[in-house]
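In: test case, fold it:
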Amino acid sequence: MKLCEVLRQYRWATKIGSREMAAEIGISGSTLVRIERGEVPHGSTMAKVLRWLLKERDEAESTSSAGEEPASGGAA
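Out: The predicted structure is shown next:
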């Protein structure tokens, strides 16, 4: 799957706006739109996008695995 498809599908699935997603990544909204249209980002922009994707994946995995584990002793 191409980077543009991954970003577009994630944004649509989470119903997040392009400006909000771009701010989370640390890039401008116009840069995100260009990437979603298929333009390959350069250097530091690509690094920001990849770091953000890995962070999102890690958060999703920790959330799903946390839901599978039984709750540990909590206060009554």
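In: mind listing what's buried along the longest helix that the chain contains?
Out: Longest helix of the chain, by residue count under DSSP state H: helix 43-68. Neighbour counts over helix 43-68 (16 or more other Cβ atoms under 10 Å) mark 45, 48-49, 52 as buried. All C-beta spots, glycine's among them, are computed from the backbone N, C-alpha and C.
In: same deal with stretch 2-9?
Out: Of the residues in stretch 2-9, 3, 7-8 count as buried by neighbour count, 16+ other Cβ under 10 Å.
In: you'd agree Lys2 is up against Gly38?
Out: Yes: between Lys2 and Gly38 there is a contact under Cβ atoms under 8 Å: 7.3 Å.
In: what's the distance between Glu59 and Ala66?
Out: Distance from Glu59 to Ala66, counting by Cβ to Cβ, to the nearest Å: 10 Å.
In: many thanks, have a good one.
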